[in-house]
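J.: below are the sequence and a predicted model for it; my questions follow.
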Amino acid sequence: TTKVPLAEIRRYVGVYDAIKQAYVDPVDDHKLMQSAIKGLLLDLDPHSAYLEKSDAQAFDEETNGAYDGIGVEVVTLPDGSVKIVSAIDDTPAARAGLRSGDTIIAVDGRELTPADAVGSGPLRGKPGSSVKLKIVREGAAKPFEVTLKRDTIRVASVRSRMLEPGYGYIRISQFQADTAADFEKNLDKLQAQSGGKLRGLVLDLRSNPGGLLTSAVQIADDLLDSGVIVSTRGRMPGNDATFRATPGDRMHGAPVVALVDAGSASATEVLSGALRDLHRATIVGSRTFGKGLVQTLLPLENGDTVKLTTARYYTPSGKSIQGVGIVPDVVLKPDEATAQKDAEDGDVPYTEASLPGHLHGEDEDDAGTNAGDVLPGDTPITAALQELKKPVAQAAPNTRARLAARPACCASTSTQPPMKAQIAYGR
């Protein structure tokens, strides 16, 4: 047990008493204590936080890739109503005909308010339970109601397709509990479509915010025969760990290009860093976000959870990417329309190094000066495929063949702006 200095306890009690006695409005004891507890983590770093029970459950559902609801990705509007970004395929929402752009203004006869955005929200609920929604749709004369039954919604984090004969494409949007298994299934399917072996693979990790470290490690292991994938170091002995690849490359040495951008973070950087350092893939795109920290979830007896930064991670070469990110072998730039839109919107570089209170990296540049670009659209995929098809460089002894890293750039024809700091929640 850690010894807490008595003088600090007295100082805290003095402030607590002052607030209780003199603040202009009465303050609930529980609310005051919750604020104090959250304050313990507030100034540590941007990734440590106190999660109340509902937030902890939502976090757990996100990493598991499954939740109970109607199957929509939404954004909450200032008045509390929610606009549907998309209805997930083969879910109650999709079967009921809900679509992108619809706005839900009431649930079970009660209008939505900003308070409904707290926790899981009224769209979540037990599978099989009914929920009645009031919908505003552009072009419809008046709002209409639809009743549907909630279900367990499973969100796929992996999708794939053939780019052209022999060349596959796998997109990983987040590292969830089932992501590694889904990656293996998709890879096996692509190889079957290509007669048993692919000539090459584009692994799209753009704007993947990370997730479970173990899933990223497993996917790296699927593409490697040997070597250290990642190591972690913290203050507690249990936080020091080394993850190594085991024999068996599921692609049998076929070349890989990993596509990354400024939104690629955390576990994504673990995977791309391992593939780069072990000469298994060419990294194409833009400098990644630069989050080289590991968070551990520490559950409490009351159902709340402490999300605490407990370790730094290091790539196989022994480098920390905290505040620096992964620098691609082949750098791509966003199209002119996207760059111009960023300038007009006043967008500033968004990296780990630019976050207030972030933990300083060992090789970090000045905050914000090392920012990469978000690379939306299909043109980066085309550029990655072109890189994949280039002649293979001579591999060093006992290493995997690696594509020649030749300078290149692309100008995407997409006009989609970079991903903003706006989150679409699964409901």
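T.: Received it, and whenever you're ready, just let me know what you need. Quantities reported herein were computed from a predicted structural model and do not represent experimental measurements.
J.: so what's residue 257 up against?
T.: With contacts defined as C-beta atoms under 8 Å, 6 or more residues apart in numbering, residue 257 is in contact with 200-203, 281-284, 384-385, 387-388, 403. (Each C-beta comes from the backbone N, C-alpha and C, glycine too.)
J.: tell me which element residue 273 falls in.
T.: Mapping residue 273 onto the secondary structure by DSSP states H and E places it in helix 267-277.
J.: please apply the same query to residue 308.
T.: Following DSSP H and E, one finds residue 308 within strand 305-314.
J.: mind checking the backbone torsions on residue 144?
T.: Here the main-chain torsion angles of residue 144 (degrees, to the nearest 10) amount to phi -130, psi 160.
J.: specify the beta-bridge partners of the closest residue to it other than its chain neighbours.
T.: Spatial nearest neighbour of residue 144, chain neighbours left out: residue 135 (5.6 Å); criterion: C-beta to C-beta, 6 or more residues apart in numbering. Beta-bridge pairing for residue 135 (DSSP bridges): residue 104, residue 144.
J.: that older thread, partners of whatever helix or strand comes next after the strand holding residue 308 in the sheet?
T.: Once the chain leaves strand 305-314, the next helix or strand it forms, by DSSP H and E, is strand 330-331. Using DSSP bridges, strand 330-331 pairs in its sheet with strand 281-285 (parallel).
J.: pairing partners for the next helix or strand after the strand it pairs with, with directions?
T.: Past strand 281-285, heading to the C-terminal end, the next element that is a helix or strand (DSSP H and E) is strand 293-299. Here strand 293-299 has these sheet partners by DSSP bridges: strand 305-314 (antiparallel).
J.: one step back: ok, of the contacts of residue 257, which one's closest to residue 57?
T.: Taking C-beta to C-beta as the measure, residue 57 lies nearest residue 203 of the contacts of residue 257, at 31.3 Å.
J.: in a strand, the closest one, correct?
T.: Yes. According to DSSP: H, G, I helix; E, B strand; the rest coil, residue 203 belongs to a strand.
J.: so it touches residue 255, yeah?
T.: No. Here residue 203 does not reach residue 255: they are 10.9 Å apart, not a contact under C-beta atoms under 8 Å.
J.: helix or strand for residue 362, which one?
T.: Here residue 362, judged by DSSP H and E, is contained in no helix and no strand.
J.: returning to that earlier point: just checking, what packs against the helix holding residue 273?
T.: Other helices and strands packing on helix 267-277, by 3 or more C-beta pairs under 8 Å, 6 or more residues apart in numbering; DSSP states H and E, are helix 213-223, strand 228-234, strand 256-260, strand 281-285.
J.: between these, which one is nearest to residue 362?
T.: Taking C-beta to C-beta as the measure, the helices and strands packed on helix 267-277 were each checked against residue 362, and strand 228-234 came out nearest at 11.3 Å.
J.: what's opposite residue 258 in the beta bridge?
T.: Applying DSSP bridges to residue 258 gives these bridge partners: residue 203, residue 283.
J.: and it, how many residues sit next to it?
T.: 30 (other C-beta atoms under 10 Å).
J.: I figured it hits residue 273, correct?
T.: No. In this structure residue 258 lies outside contact range of residue 273 using C-beta under 8 Å: 9.9 Å.
J.: can you list the helices and strands packed on helix 267-277 in a markdown table and add mean pLDDT and distance to residue 146?
T.: A markdown table is the format used below for the helices and strands packed on helix 267-277 (pLDDT from 0 to 100; distance: least, C-beta to C-beta, whole Å):
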| stretch | mean pLDDT | distance to residue 146 |
| --- | --- | --- |
| helix 213-223 | 97 | 36 |
| strand 228-234 | 96 | 47 |
| strand 256-260 | 98 | 39 |
| strand 281-285 | 98 | 41 |
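J.: can you pull the contacts of the residue nearest the centre of the chain?
T.: The residue at the geometric middle of the chain, judged as the C-alpha nearest the mean C-alpha position with C-alpha atoms, centre = their mean, is residue 209 (2.2 Å). Applying C-beta under 8 Å, 6+ apart, one finds that residue 209 lies in contact with 174, 263, 265-266, 268.
J.: I appreciate the help and will end here.
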